[in-house]
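K.L.:
pasted the sequence and its predicted model underneath.
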Amino acid sequence: MVATRNHPRDFEPAPGESPTKPSPTKRTTRNSTANDVKPTSSPAASTRSRTATSPSSTTTTRRRSSEWSHTPSNLTLIWLAISLPLVIWDTGYVLLRPHSMPGGRLHWIWSPYDLYGRVDYAYSMAAHEDRYGWTGAQGFFNALETIAYLAYLYIVYTYGEQEPIQGRGAPDKSFMGQFRALSESRTVYGRIAAIAVLLGFTTATVTWAKTVLYWLIEVFSGFHGIGHNDWYSLIFLWIIPNGPWIPIPFYMMYVFGSEILQGLETATASSKKSK
């Protein structure tokens, strides 16, 4: 779900190459021209010169190159765009029981759960009446995760700066047509970038751990909630719908964690140099 990278650095000469130096012939020509003809300057040229050497732009570039940055991959943003509405829908069903269940006044919003409650007993009326606690606890954490992910997206889209370069994990620009912007990177800088990464890592870890626990409960209970299904129903109505919430959050954990380690290594290296 998300790959990140540091802010790109300026291109450097390839190994073995040296910066291009002006030839003696060109230098002689420029000197003789300067002696024979006095240069003229126009207001437009002076303006361009002042703009090119603007202290503010130089300072901004230098500050940006030294700041730690975070760029979420488009895979992460697409996953959140797909998963968050589904999680909000599921959370609403769980936290609004029994009104969201068959016979309830709000069941028309969650009518597909009539079938899912027969596939997974944790979502059934019997589990609710028996006060089976896992389903409600899971729904409560779903709500917290949703708030945290929305906060992460708010940071990225409020403080992030759009960059025309190809975003890691993004579809190729040549196939995007008028939707090329979806392939571009969005970068957050400084302290707010660190907050975004910490928030993303923590929330992805909770999502992954909670989903793994959801599966392990079935394993250690002898598949009490889903063991009554045939293989077709089990695969297409339980495993596939719940499967993506394990590998994708784990990928997000890996990417966000790699950025945190990179930041710590950079801070450690700077601390050693200052001693």
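P.N.:
Okay, I see it.

K.L.:
so where do the strands sit in the stretch 1-150 of the chain?
P.N.:
Using DSSP state E, counting those that start in this stretch, the strands of the stretch 1-150 of the chain run over residues 69-70.

K.L.:
meant to ask about the stretch 151-275 of the chain, not that
P.N.:
161-166, 184-189.

K.L.:
comparing these by mean pLDDT, which bottoms out?
P.N.:
Among the strands of the stretch 151-275 of the chain, strand 161-166 carries the lowest mean pLDDT, at a mean of 69.

K.L.:
quick one: Y149 from H224, how far?
P.N.:
31 Å (C-beta to C-beta, to the nearest Å). In this view, the C-beta of every residue, glycine as well, is placed from N, C-alpha and C.

K.L.:
and those two? which has more neighbours close in?
P.N.:
Per other C-beta atoms under 10 Å, whichever of Y149 and H224 has more neighbours is Y149, with 21 against 12.

K.L.:
how close does that one sit to P112?
P.N.:
Y149 is 23 Å from P112, by C-beta to C-beta.

K.L.:
quick one, what contacts L106?
P.N.:
Each residue near L106 by C-beta atoms under 8 Å, 6 or more residues apart in numbering is listed here: 96, 99-100.

K.L.:
can you get me a residue count around Y116?
P.N.:
That count, for Y116 with other C-beta under 10 Å as the rule, works out to 17.

K.L.:
what sits against it?
P.N.:
So Y116 contacts 123, 237 (C-beta under 8 Å, 6+ apart).

K.L.:
can you pull out the low-pLDDT segments for the stretch 1-150 of the chain?
P.N.:
Scanning the stretch 1-150 of the chain for pLDDT under 70 picks out the ranges 1-66.

K.L.:
which residue ranges of it form helices?
P.N.:
Applying DSSP state H, counting those that start in this stretch to the stretch 1-150 of the chain gives helices spanning 24-36, 43-52, 55-66, 74-95, 113-119, 125-129, 133-159.

K.L.:
so how far is I240 from V87?
P.N.:
16 Å.
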